[in-house]
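> here is my input; please provide its structure:
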Amino acid sequence: MSVMTQTLLPRECGFRTVLGPAILRQTATMATVLASRVCRSGRAAWGLATLVLLGSVLSTVAGLSPVVLLSCVVALLSAALSRPFGWVLGAAVASLTLVAAFMALGQLYLRIGIPFVAGNTLVLSLTGASSLAVMAKGVRPRPLSGEARWLAFGAAITPAVCTASLIVVRMASSSPKLAWMMNNDSAFNLFTSQHILRDGGVDPEKHPSPAAGISEMVALFTGPGRDGIASADLLEHDLVRAMQLLVLATSALSFVGAIGVVLAARGGPLVTRFCVAVAVAVLPWTWIMFGQATQFGFWNAIVSSAVLATAWLAFAEADRHPTAASAAQALAGTALLALWAPLLLAPALFGLILVLRHWRAHMGLRRWALGAWLAPVALLAWYFVFVVRPLFTSQGAALGADGAMFPMAKTTVQAILITSAAIGLLAYSGRGRTGEMLGAAAVLIAGIAGLEYLIAQREGAPSGPWGYYPAKFGWLIAYLAILVGARAAAAIAMPSPTEPTPGAPDRRPGSGRSAAAAIAPIATTVAMLIQVPPADPRPLTAAHPVSLPTPVWSPGAILPVLSIAQEHGSSELDPAVATLLKISSPEEKHVLSRFHADPALDAFVNFWLLSQPVVEDNDAVRYYAYFLEPDNPDSFCDLATTWGPGLEVWTKDVQWGRQLERRCQDADWSVVSVHPAS
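Next comes the predicted model:
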């Protein structure tokens, strides 16, 4: 192993001395054998895939982002599962298997003595190598038709363009272009993920959390190479890796949603279905998901929605292999228990419907097939009994707590759920599409039941029965309902020639009817979408002290990627981010006071600087992230006393700095006066 590779390997977990070389040797050996086997057989594509896997493993071990390795393993596992399950269900099962495995293994690493970063890399490496081995032995991936490739291409266009635009904007800008993802809960999400890296996994005794899943996912991305980063650069490293997670999860949600909708359109010209795929893929990149999630720091909302949409896709395409689809619901349930437990209701109902509807297929499972089906169910049961239940017993009252949330009325959620269910019923009565009706009904029941349960948890709450958790659940289940309704609308508008059309002869749409067929699901989606109108994406600053009244139908408000690219949109606090990245260090204590001309920039920097001590379990300092009074010297004195010796207050107002020093002469701190031009 090269010297550079060794210097980038994490020291604290023994990865460099034991597991790092072991992963390299094992993966290299398997890759060499597989590559020679497939190349001797003339299958150059598999040889190339083997080399890509090996390269992605090496890059992750060397400390680069795990995005390439994760994407490679998902693709290989999907290909291996495509033969028995088909590409759609195979990809769904592959993705859910990996997410559920990461959630479960995060709980086990600490108990079995395997380091978190090394364990994840090893699991991905072995999964990818095993998938290649299965295919090298003759289990060929199922061929994709030309039509399927075009539809997949259409679903991939939007996430590819949005991802590329974010990369280009960040590379071309002189500012960090990170402020858009650093709002509200973002700081807590990022810093609590470091607990997992420090503890070597999820430790419920030291750091109990009913939703540790998002911290595990962030740690999965930030962990590789982190030990080789200078302390002054750690925050930027973590933010960039977290951004990769958010963009990858949004891309997955975009692709899965588009595929789920367009596959219901079994008739009509390919170009019409292609356009529908492109249009539906835009949905999560709008304000409804990417915008609201980043504006409020709801990172778990994006990842949870991607898991939920994948579970729905497996349910919707279950006819080929219903037992695999029901097992996928158990995998999704495990992932959602870790990410945001109330959403478990939807895959639970999906799974119940599949078992009841295809009971003969489930009763016919034997031996290995039965064991493979029971494994995800057992994993779900284990996670609920041994992980969630103890936390729920001790922290169940948290479901009645309040928190920052955008306006989301109960009636709005109910309207979207009922509209989606009505479209599903039309698909059944007009086209005989039982699956669309059952999917919409399941989402409706899950939505109503979840809302009522969470509202009941707020009994006696000062702010009333409708609050943070019911509103957030309503938002996420409503998003799923929009996808379900769009799929049902596509099934109605573009049926196959063999599906019944009461009162009319069966026929494919002509050119005029093709346009109408494409518009129908898109219009249905938009009609439900605008029930939650976009808000002003700009943060409050001196130049922008009051948000514009909702709705705001500007391009940047509708499509947050455009706002991120603007200097005075979602990125308006980037000058504060630049300051934060310069002075942030886990080993030092800094805070700003009258440093920027705009107090909002100081408040932003201080929020992050004072949230960072949560890594050291210093929650007392985190209080000041929310309640530090910028013009009250006594507030800074209290902070200095609470945080302890070594605090530096940076200011560009010399007179104010002297006033602070006079007020807190007994505190062990210092005021650093910075020249205004710097």
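
> where does pLDDT dip in the stretch 1-150 of the chain?
1-43 (pLDDT under 70).

> I should have written the stretch 351-500 of the chain there, sorry.
396, 430-431, 496-500.

> domains in this protein, by residue range?
Per the record, the chain has its domains at 1-140, 151-299, 588-673, by automatic domain parsing.

> which of the ones you listed sits most buried?
Most buried of the domains of the chain, by mean neighbour count (mean count of other Cβ atoms under 10 Å): domain 151-299, with a mean of 21. Every residue, glycine included, has its C-beta placed from N, CA and C.

> any idea which helix is longest in this structure?
helix 234-262 (DSSP state H).

> and the average pLDDT for it is what?
Mean pLDDT, helix 234-262: 98.

> name the residues that touch the helix or strand that that helix is followed by?
Using DSSP states H and E, the helix or strand that follows helix 234-262 in sequence is helix 270-281. Residues from elsewhere that reach helix 270-281, judged by Cβ atoms under 8 Å, 6 or more residues apart in numbering: 147, 150-151, 153-159, 254-255, 257-259, 261-262, 265, 483, 486, 490, 494, 509, 514-515, 517-518, 521-522, 525.

> which helices and strands does the helix or strand following helix 270-281 pack with?
Sequence-wise, the next helix or strand beyond helix 270-281 is helix 292-296, with elements assigned using DSSP H and E. Secondary-structure packing of helix 292-296 (3 or more Cβ pairs under 8 Å, 6 or more residues apart in numbering; DSSP states H and E): helix 299-316.

> quick one, the helix it packs on and helix 234-262 angle?
On the basis of axes from the mean of the first three to the mean of the last three Cα atoms, to 10 degrees, helix 299-316 is oriented at 30 degrees to helix 234-262.

> run the chain-centre distance for helix 299-316.
9 Å (Cα atoms, centre = their mean, to the nearest Å).

> still on that earlier bit, tabulate the domains of the chain (CSV), appending distance to Ala478.
What follows is those, written out as CSV (distance: least, Cβ to Cβ, whole Å):
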stretch, distance to Ala478
domain 1-140, 22
domain 151-299, 9
domain 588-673, 29
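
> hmm, back to that, and the angle from the longest helix of the chain to helix 270-281?
Interaxial angle, helix 234-262 versus helix 270-281 (the same axes, to 10 degrees): 140 degrees.

> contacts only, for the closest residue in space to Ala398 that isn't next to it in sequence.
Nearest residue to Ala398 in three dimensions, chain neighbours excluded: Pro210, at 6.4 Å (Cβ to Cβ, 6 or more residues apart in numbering). Listed by Cβ under 8 Å, 6+ apart, the contact set of Pro210 reads Ala341, Val388, Leu391, Phe392, Gln395, Ala398.

> so Pro210, which of the three states?
Secondary structure, DSSP: H, G, I helix; E, B strand; the rest coil: Pro210 is coil.

> give me the phi and psi for it.
Per-residue torsions, Pro210: phi -70, psi -10 (degrees, to the nearest 10).

> quick one on the thing from earlier: and of the contacts of Pro210, the nearest to Ala375?
Closest approach to Ala375 among those (Cβ to Cβ): Val388, at 18.6 Å.

> that closest one - nearest residue in space that isn't next to it in sequence?
Leu337 (5.2 Å).

> can you count the residues close to that neighbour?
24 (other Cβ atoms under 10 Å).

> where does it fall, phi/psi-wise?
Dihedral angles phi and psi of Leu337 (degrees, to the nearest 10) take the values phi -60, psi -30.

> thought it was touching Arg389?
No - here Leu337 does not reach Arg389: they are 10.1 Å apart, not a contact under Cβ atoms under 8 Å.

> just give me the neighbour total for Ser429.
Neighbours around Ser429, by other Cβ under 10 Å: 12.

> that one sits in which helix or strand?
Assigned by DSSP H and E, Ser429 falls in helix 410-431.

> so what does the one helix or strand Leu89 maps to touch, helix or strand wise?
In the assignment (DSSP H and E), Leu89 maps to helix 87-112. In terms of contacts (3+ Cβ pairs under 8 Å, 6+ apart), helix 87-112 is packed against helix 67-85, helix 116-136, helix 213-222, helix 234-262, helix 299-316, helix 322-339, helix 367-383.

> tilt between the helix or strand just after the second one and helix 270-281?
Going back to what we said before, that points to helix 116-136. Downstream of helix 116-136, the next assigned helix or strand under DSSP H and E is helix 146-172. Helix 146-172 runs at 40 degrees relative to helix 270-281, counting by the same axes, to 10 degrees.

> I'd like the next helix or strand past helix 146-172.
helix 186-199.

> Pro347 and Met217, how far apart?
Plainly put, Pro347 is 18 Å away from Met217 if you go by Cβ to Cβ, to the nearest Å.

> for Leu438, same thing?
For Leu438 relative to Met217 (Cβ to Cβ), the value is 31 Å.

> same deal with Leu76?
Distance from Leu76 to Met217, by Cβ to Cβ: 20 Å.

> so Asp602 makes contact with His590?
No - Asp602 is beyond contact range of His590, at 11.7 Å (criterion: Cβ under 8 Å).

> who's in contact with Ala80?
Shown in contact with Ala80 (Cβ under 8 Å, 6+ apart): Gly90, Ala94, Ser131, Val134, Met135, Val139, Pro141.

> next, count neighbours for the last one.
Other residues near Pro141 number 16, with proximity taken as other Cβ under 10 Å.

> so who does it touch?
So Pro141 contacts Ala79, Ala80, Ser82, Arg83, Trp87, Met135 (Cβ under 8 Å, 6+ apart).

> apart from its chain neighbours, what residue comes closest to Pro630?
With Cβ to Cβ, 6+ apart, the residue lying closest to Pro630 is Pro599, at 5.9 Å.

> scratch that, Asp598 is what I was asking about
Ala542 (4.4 Å).

> how many neighbours does that neighbour have?
Neighbours of Ala542 using other Cβ under 10 Å come to 11.

> ditto for the one 4 residues further on
Val546: 7 surrounding residues under other Cβ under 10 Å.

> Arg538 is in contact with that one, correct?
No - using Cβ under 8 Å, Val546 is not in contact with Arg538; the gap is 10.4 Å.

> list the contacts of Ala401.
By Cβ under 8 Å, 6+ apart, the residues touching Ala401 are Gly467, Tyr468, Tyr469.

> adding distance to Met289, write these out as CSV.
Shown next, in CSV, are the contacts of Ala401 (distance: Cβ to Cβ, whole Å):
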residue, distance to Met289
Gly467, 21
Tyr468, 18
Tyr469, 18
